[in-house]
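A.B. asks: what follows is a predicted protein model with its sequence.
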Amino acid sequence: MSATLQPGSPLDNTMGSMLLGVIVSAVLYGISLLQCLFYFTRYDRDPFYLKALVACTVFLDTMHLTFVVHTVYHYLITNYYKTDALQVMVWSVSLEALPTGLTAGLVQSFYAHRVWRMSHHNVVLTGLILVLVLATSACGTAWVVLALRAGTYEKLLAISPLTISINALSSGADVLITVTLCFMLYNTQPASLETETMVNRLILFTINTGLLTSLCAVASLVSLIISPKTLIYASFYFCIGRLYSNALLASLNARAVIRGRINDVDSNFHIKTYTTRTMHVSREVFARPHRDDVSTAGELAVRIDRSTHYDDEGYGMAKYSPPKSPNLSTPLADAA
């Protein structure tokens, strides 16, 4: 039995778990702020909707951290030695699920849009992901309403199946997104060694960013099933929102590194492949000049076209050709 259901029991698996979750969540929040600063200083040419998405996730992270800090302070400081207060759910512990659910929904919708573009507008696959995202959001909203009405942790046990459903749906959406992106990237036919390297980086990065959120959601789900009368799951659930925002920011900030140009401020990478013996790789780079090098306020645009032709023996002879008309971007470039 937990301390919230039986006065006098140790607080290790209840308030102790919540405290550990707050500490880890605060560390991840600091990393989110650092990544947010890096994003807005390096990728100022991104479209408005991406900047708004980043701003919303950081705002929701701030709101969530405020709620969980208030929760721990309420139980461990304000009501210290008051065992009766441990039975009552403070308002902040119920509302903290709202910003977490909104953050997860926004980030998963962003990845669903990426799947939509890379799958050449696959309605069934993208629709399945969106259905899981919407179902998770609906269940999360219902949980917040029911938790506010419950009032005590003992009554909260009555909606444990809904809590388990939320974690299961969220885990399913994360796993489906990660597997889908990796599968589509794996089936991409690289046009050159440079393109193949970028594909491998994308696959590895997709696994890493999706794995953390999936593992955290699964750990929260397992904790709920194994120990439903404790708050061990809270130590994982408090960190899910931070992991979603960090995964989003990491995917946006790592675009230059994935493309192999770490020092780029912003870039558009276009790849076009041909099935004939002639391979043409077009690269378009738009970068801001350094203040020390250029005194004007204008911008520098550089375009390099490189063609590789194969002779009869199969050896490539590389040469540079004059600039041609811009190439259309492919889903692979969008994934970066």
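C.D. replies: Okay, I see it.
A.B. asks: the stretch 1-150 of the chain: helices as residue ranges?
C.D. replies: Secondary structure of the stretch 1-150 of the chain (DSSP state H, counting those that start in this stretch): helices at 15-42, 48-73, 91-95, 97-118, 123-150.
A.B. asks: quick one: list the elements packing against the third one.
C.D. replies: The contact analysis (3 or more Cβ pairs under 8 Å, 6 or more residues apart in numbering; DSSP states H and E) places helix 91-95 against helix 48-73, helix 123-150. C-beta coordinates here come from the backbone N, C-alpha and C atoms, glycine included.
A.B. asks: out of those helices, which one sits most buried?
C.D. replies: helix 48-73 (a mean of 18; mean count of other Cβ atoms under 10 Å).
A.B. asks: mind giving me the packing neighbours of it?
C.D. replies: Helix 48-73 makes packing contacts with helix 15-42, helix 91-95, helix 97-118, helix 232-253 when contacts are defined by 3+ Cβ pairs under 8 Å, 6+ apart.
A.B. asks: and that helix, average pLDDT?
C.D. replies: The average pLDDT for helix 48-73 rounds to 95.
A.B. asks: also stretch 96-103?
C.D. replies: Rounded mean pLDDT across stretch 96-103 is 93.
A.B. asks: now do stretch 184-199
C.D. replies: Stretch 184-199 shows an average pLDDT of 62 in the prediction.
A.B. asks: and what of stretch 231-243?
C.D. replies: Across stretch 231-243, the average pLDDT comes to 91.
A.B. asks: same thing with stretch 162-180?
C.D. replies: In this model, stretch 162-180 carries a mean pLDDT of 88.
A.B. asks: just the CA trace of it, in PDB.
C.D. replies: Written as PDB, here are the backbone C-alpha positions of stretch 162-180 (Å, rounded to 0.1, in the frame of the first residue of the first chain):
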ATOM      1  CA  LEU A 162      -7.800   5.100 -18.600                       C
ATOM      2  CA  THR A 163      -4.300   6.000 -17.300                       C
ATOM      3  CA  ILE A 164      -3.000   2.800 -18.800                       C
ATOM      4  CA  SER A 165      -4.800   3.400 -22.100                       C
ATOM      5  CA  ILE A 166      -3.100   6.900 -22.400                       C
ATOM      6  CA  ASN A 167       0.400   5.400 -21.900                       C
ATOM      7  CA  ALA A 168      -0.400   2.500 -24.300                       C
ATOM      8  CA  LEU A 169      -1.700   4.800 -27.100                       C
ATOM      9  CA  SER A 170       1.200   7.200 -26.700                       C
ATOM     10  CA  SER A 171       3.800   4.300 -26.800                       C
ATOM     11  CA  GLY A 172       2.100   2.900 -29.900                       C
ATOM     12  CA  ALA A 173       2.200   6.200 -31.700                       C
ATOM     13  CA  ASP A 174       5.900   6.700 -30.900                       C
ATOM     14  CA  VAL A 175       6.800   3.200 -32.000                       C
ATOM     15  CA  LEU A 176       4.800   3.400 -35.200                       C
ATOM     16  CA  ILE A 177       6.400   6.800 -36.100                       C
ATOM     17  CA  THR A 178       9.900   5.600 -35.400                       C
ATOM     18  CA  VAL A 179       9.500   2.300 -37.300                       C
ATOM     19  CA  THR A 180       7.900   4.000 -40.300                       C
END
